[in-house]
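**Student:** okay, here's the prediction I keep looking at, along with the sequence it came from:
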Amino acid sequence: MAERDELPVEQARAGDPAAWDALFRRYQLPLYVYVFELLHDEQASLDIVQETFINAARHIGALREDHKFGGWLFGIAHQKCVQRWRKQTREECALEEVGAAPAEFEAGPDDLLIRQEHEEEFMRLLNQLPATQRSVLLLHFVEDFSIEQIADISGAAPGTVKSRLHYAKKALRKLMEKTTG
């Protein structure tokens, strides 16, 4: 997810409601998708997105580099997910199947069905990974954040993020080999 230069962060810091509306419209869906992929709970994901924007409004004065707003916002959401995980026991963290995203291209019904099956299988395998590995894969490959941005979001060192990404890809590859082999 590339940062946009035209984000009205300075105006939002000054309290402009239209600027906050623009930021909300820009980030609400990507944040929701990220949080939902981590929690697999629709209501909790909606709550966390709302709490994330409330916290952002309260603490926007602490953001020193406006162009890092997106990463900062994802960092708040990430920390809220971590807090939620800490409150739950392993038994409460049952993973649910997630429906595939709608197709972004025109294809025949057979192609769409095959793509949906592949996406569902990928999500099923991804859901088997530990939360830290799932998180780093989603941030890097789905949200397109760099290693440095993921480090800012997660509060981990860039080397730790690289390591998590390496082991997450390795674990996912191993799961994929199990299902195909």
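**Tutor:** Good, I have the coordinates. Owing to the predicted nature of the structure, the values given are computational and were not obtained by experimental measurement.
**Student:** name the helix or strand of this structure that has the lowest mean pLDDT.
**Tutor:** helix 109-126 (a mean of 68; mean pLDDT, DSSP states H and E).
**Student:** which is the next helix or strand following that helix?
**Tutor:** Counting by DSSP states H and E, the next helix or strand C-terminal to helix 109-126 is helix 131-137.
**Student:** and that next one, what does it pack onto?
**Tutor:** Packed against helix 131-137 by the contact rule (3 or more C-beta pairs under 8 Å, 6 or more residues apart in numbering; DSSP states H and E) you find helix 17-39, helix 69-87, helix 147-154, helix 158-180. Any C-beta I mention is one placed from the backbone N, CA and C, and that applies to glycine too.
**Student:** for this structure, give me the ranges with low pLDDT.
**Tutor:** Across the chain, the ranges flagged by pLDDT under 70 are 1-5, 86-119, 181.
**Student:** just checking, what packs against the helix or strand encompassing residue 58?
**Tutor:** Using DSSP H and E, residue 58 maps to helix 42-59. Contacts defined by 3+ C-beta pairs under 8 Å, 6+ apart place helix 42-59 against helix 17-39, helix 69-87.
**Student:** okay, the ones you listed in JSON lines with mean neighbour count and distance to residue 137 next?
**Tutor:** Listed next are these as JSON lines, based on neighbours: other C-beta atoms under 10 Å; distance: least, C-beta to C-beta, whole Å:
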{"stretch": "helix 17-39", "mean neighbour count": "18", "distance to residue 137": "9"}
{"stretch": "helix 69-87", "mean neighbour count": "18", "distance to residue 137": "13"}
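**Student:** I'd like those written out as JSON lines, with distance to residue 136 added.
**Tutor:** Below are these laid out as JSON lines (distance: least, C-beta to C-beta, whole Å):
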{"stretch": "helix 17-39", "distance to residue 136": "11"}
{"stretch": "helix 69-87", "distance to residue 136": "10"}
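**Student:** about what we covered before: quick one, the helix holding residue 58 and helix 17-39 angle?
**Tutor:** On the basis of axes from the mean of the first three to the mean of the last three C-alpha atoms, to 10 degrees, helix 42-59 is oriented at 140 degrees to helix 17-39.
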